[in-house]
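Chemist: just need the structure, nothing else, for what follows:
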Amino acid sequence: MGINDRVELPRVTPRCGERKRRELMLGGVTIEPAETVVIDADVRIGMDTVIEPFAQVLGKTVIGADCRIGACSIVRDSELADGVEIGPFTIVAHRGWSAACMPGRSRGCAWKTWWRKARTSATSWS
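Modeler: Numbers count the residues shown, from 1 in each chain. Below is the predicted model:
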C-alpha cells in the first residue's frame, strides 16, 4: 500500500488505524467507539484498558492493564502504570504516571517525568 500524493493519503490512513485498533481489541482492550479513536502504530496497551470516544494515543506510549483513557484526551509518548485513569479532555505528554494517579480528575497525584527534551511540558509536544 503506497502513497504517492496527498489525495491518496486520506484513503490509506483509516486502514492503518483500523489494523492497530483491531490488534488491540483482540488483545483485550476496549475501544468505544473504535472509529473515533486515533492510536499510533508504536503504542502498546495492556488488557482490560478502556479507551473512550475521540481519545488520541500517540507516539511510543505504553499504557498498562486496567487503565481508562477519558473521552477527548490526548496521551503522547508517555508511560502509564497499571490502573491509571486519565480524565476526559486531558493532555498527557512525555510523562510517567503511577497507579495512584488520576490526571484530569479532582484527586491530586504525584508523577515522575522522563524528559525527552529539557523544555517539554504537559501541554507542549516540542
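
Chemist: hey, where'd the helices end up in this structure?
Modeler: 9-26 (DSSP state H).

Chemist: which residue ranges form the strands in this protein?
Modeler: 30-31, 38-39, 44-45, 50-51, 56-58, 62-63, 68-69, 74-76, 79-80, 85-86, 91-93, 95-97, 111-113 (DSSP state E).

Chemist: ranked by average pLDDT, which of those strands falls at the bottom?
Modeler: Ranked on mean pLDDT, the bottom entry among the strands of the chain is strand 111-113, at a mean of 39.

Chemist: pLDDT weak spots in the chain?
Modeler: For the chain, the stretches with pLDDT under 70 are 1, 9, 12-15, 95, 97-126.

Chemist: and of the strands of the chain, who's closest to R19?
Modeler: strand 38-39 (10.1 Å; Cβ to Cβ). For glycine as for every other residue, the C-beta is placed from the backbone atoms N, C-alpha and C.

Chemist: residues in contact with the closest one: which ones?
Modeler: G17, K20, R21, L24, I31, I45, I51, A55, Q56, V57, L58 (Cβ atoms under 8 Å, 6 or more residues apart in numbering).

Chemist: please repeat the previous calculation with a cut-off of 10 Å.
Modeler: 13, 16-17, 20-21, 23-24, 29, 31, 45, 51, 54-58, 61, 63, 69, 74-75 (Cβ atoms under 10 Å, 6 or more residues apart in numbering).
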